[in-house]
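S.K.: Give me coordinates for this.
(4 chains)
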Protein chains: 2
Amino acid sequence: MNDQQPVAESMCWLTDVVVNVVLFTLRSRDLQVCLVQRLGSAGEISWSLPGGQIGVEESLDNAAIRHLRDQTGVEGVYLQQLYTFGAPQRDPNQRVVCVAYFALVAADRLMPEKQSACSANPTWHSMYRLPPLVLDHAAILEYALTRLRYKIEYSAVAFELMPEEFTLRELQDAYMVILNDQKLDKANFRKKIREARIVEPINSYRATGGRPARLYRFRADVQLETKARRIFP
Amino acid sequence: MNDQQPVAESMCWLTDVVVNVVLFTLRSRDLQVCLVQRLGSAGEISWSLPGGQIGVEESLDNAAIRHLRDQTGVEGVYLQQLYTFGAPQRDPNQRVVCVAYFALVAADRLMPEKQSACSANPTWHSMYRLPPLVLDHAAILEYALTRLRYKIEYSAVAFELMPEEFTLRELQDAYMVILNDQKLDKANFRKKIREARIVEPINSYRATGGRPARLYRFRADVQLETKARRIFP
DNA sequence: TCAAAAGTGTTCAGCTTACACCCATGA
DNA sequence: TCATGGGTGTAAGCTGAACACTTTTGA
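M.R.: Model prediction:
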């Protein structure tokens, strides 16, 4: 990922390509996505993924970073390219190819004041109860969710959705919410996380309904990607 | 993947986006890629991935299929989108975003007469000894190889590179060439392939230097993708 | 009868899964 | 003292890696 560069006021834009970003977070035991409001031609509001045009001298990554910052107030988060959607009729008004990204942000890094300063009015929605979306954005979201679920199983991107400090139970909850799977065994989950050496305990505890839970943080030196186990051969 | 549609002579093209296809095959125990010749401004020849512009009414997939057919003579093969390359300076003459695809073809499906009818003069090159390439096509190839290696481990795409009939030894060779790894154990490889139920024996044999080898073919009803085993959690 | 390549069986270590159990706290 | 949730140990069964072995052909 490149560093972000300033964009001149007078810049020209690519005509056929845009970027859109699927920004996920975990809030109140729910997987949520950030959507912005767009005014339809008839004055009705509808929901859209943040995104927009690409400057002639701007990389795709930078365009995604810039639109994310301007429309949602979120900066400096995990971001990667997802897929490029280019069906001829995906936008009935004009032929536009969309380079989709997905991004992950921890809930404790969301700053309400920055968000509310955005004219696009960014709002969080549960992935499991989505409003009607413009164009093919519902399909983009569906694809992003599939990829997030795959990715979480062979890499440690779940880190990017957790706050600084968390309990192992909270980490397990995160996996269960994203995978929509309540069947993870507590003991085995903890053993695997411990043996993977991806977290370290800190000297404080979180009060709960019963025995207080040890707090952990992610180790700074962790390898984010782990090579998947071979199936074939 | 959509079905291919004819393209009108008078069609308009997108200005900022092109597609390029990395077409792999296995020939003489080597992983090879198909490149086409392009004339430079100074009259020198250089090598390029097949590809080109996208019609205003054409899907990205169709554009990839069309350019592949026109420039290499190959049709009806496995094809999937890879990544979109969009650095501002990747083409110094003009800002162009490139949607890269990768495709796999079995060597016995290559038709020399069709290929030689292509003015682009398609030629096969070993992935392990590449000529100088235009723009950022070397980086695209590198990325395609990485993805092919990952994909071969959690899915059965190696099928797409094999002829109709093959021995288990030949299949093992394919894996070893692609992974650039000579350490696969024969007995374990066979056991895994057999238990995965992805091939079935046919009633003929291939003569070899020693005992003749049983021929196999892939089962028609095979699930191509296998979900990767979880690492986390 | 020997080299070459196909094809099989067995063992052992390490991992996954399931489940039972103990610990610390607040009401 | 009991409910609640945190935290741990262990046995059974499966998987993967290593390697030795048998079989079938042509020269």
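
S.K.: drop to CA atoms for contacts and neighbour counts, all remaining ones
M.R.: Noted.

S.K.: Let me see the contact set for the residue nearest to residue A:21 when sequence neighbours are not counted.
M.R.: Distance criterion Cα to Cα, 6 or more residues apart in numbering or on different chains; nearest residue to residue A:21, sequence neighbours excluded, is residue A:101 at 4.6 Å. Applying Cα atoms under 8 Å, 6 or more residues apart in numbering or on different chains to residue A:101 gives the contacts A:19-22, A:64, A:79-83.

S.K.: Now go through the residues you listed and say which are in helices.
M.R.: When DSSP state H is applied, those are split such that residue A:64 fall in helices.

S.K.: now the helices for chain A?
M.R.: For chain A, helices defined by DSSP H occupy the ranges A:60-72, A:112-116, A:137-154, A:168-179, A:186-196.

S.K.: hey, C-alpha coordinates of the third one in PDB?
M.R.: What it means is helix A:137-154. Output in PDB follows, covering the C-alpha atoms of helix A:137-154 (Å, rounded to 0.1, in the frame of the first residue of the first chain):
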ATOM      1  CA  HIS A 137     -23.500  -2.700  -4.400                       C
ATOM      2  CA  ALA A 138     -25.400  -5.500  -2.700                       C
ATOM      3  CA  ALA A 139     -23.500  -8.000  -4.800                       C
ATOM      4  CA  ILE A 140     -20.200  -6.300  -3.900                       C
ATOM      5  CA  LEU A 141     -21.000  -6.600  -0.200                       C
ATOM      6  CA  GLU A 142     -21.900 -10.300  -0.600                       C
ATOM      7  CA  TYR A 143     -18.600 -11.000  -2.300                       C
ATOM      8  CA  ALA A 144     -16.700  -9.000   0.300                       C
ATOM      9  CA  LEU A 145     -18.300 -11.000   3.100                       C
ATOM     10  CA  THR A 146     -17.300 -14.300   1.400                       C
ATOM     11  CA  ARG A 147     -13.800 -13.100   1.100                       C
ATOM     12  CA  LEU A 148     -13.600 -11.900   4.700                       C
ATOM     13  CA  ARG A 149     -14.700 -15.300   5.900                       C
ATOM     14  CA  TYR A 150     -12.100 -17.100   3.800                       C
ATOM     15  CA  LYS A 151      -9.400 -14.700   4.800                       C
ATOM     16  CA  ILE A 152     -10.100 -14.900   8.500                       C
ATOM     17  CA  GLU A 153      -9.400 -18.600   8.300                       C
ATOM     18  CA  TYR A 154      -5.900 -18.500   6.900                       C
END
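
S.K.: angle of that helix against helix A:168-179?
M.R.: Orientation of helix A:137-154 against helix A:168-179 (axes from the mean of the first three to the mean of the last three Cα atoms, to 10 degrees) gives an angle of 140 degrees.

S.K.: what sits against residue A:84?
M.R.: Counted by Cα under 8 Å, 6+ apart, residue A:84 has contacts A:97-100, B:83-84, B:99.

S.K.: Sort out which one of these lies nearest DNA strand D for me.
M.R.: Proximity to DNA strand D was ranked across the contacts of residue A:84 by Cα to the nearest atom of the strand; first place goes to residue B:83, at 29.3 Å.

S.K.: roughly how far apart are residue A:203 and DNA strand C?
M.R.: Taken as Cα to the nearest atom of the strand, to the nearest Å, the spacing of residue A:203 relative to DNA strand C amounts to 12 Å.

S.K.: Just the contacts of residue A:101: which are in strands?
M.R.: Judged by DSSP state E, strands contain the following of these: A:19-22, A:79-83.

S.K.: hmm, back to that, which of the contacts of residue A:101 lies closest to residue A:51?
M.R.: The nearest member of these to residue A:51, counting by Cα to Cα, is residue A:20 at 4.1 Å.

S.K.: what's the neighbour count on that closest one?
M.R.: Residues within reach of residue A:20, counting by other Cα atoms under 10 Å in any protein chain shown, total 26.

S.K.: Does it touch residue A:48 like I think?
M.R.: No. Judged on Cα atoms under 8 Å, residue A:20 makes no contact with residue A:48 at a distance of 9.0 Å.
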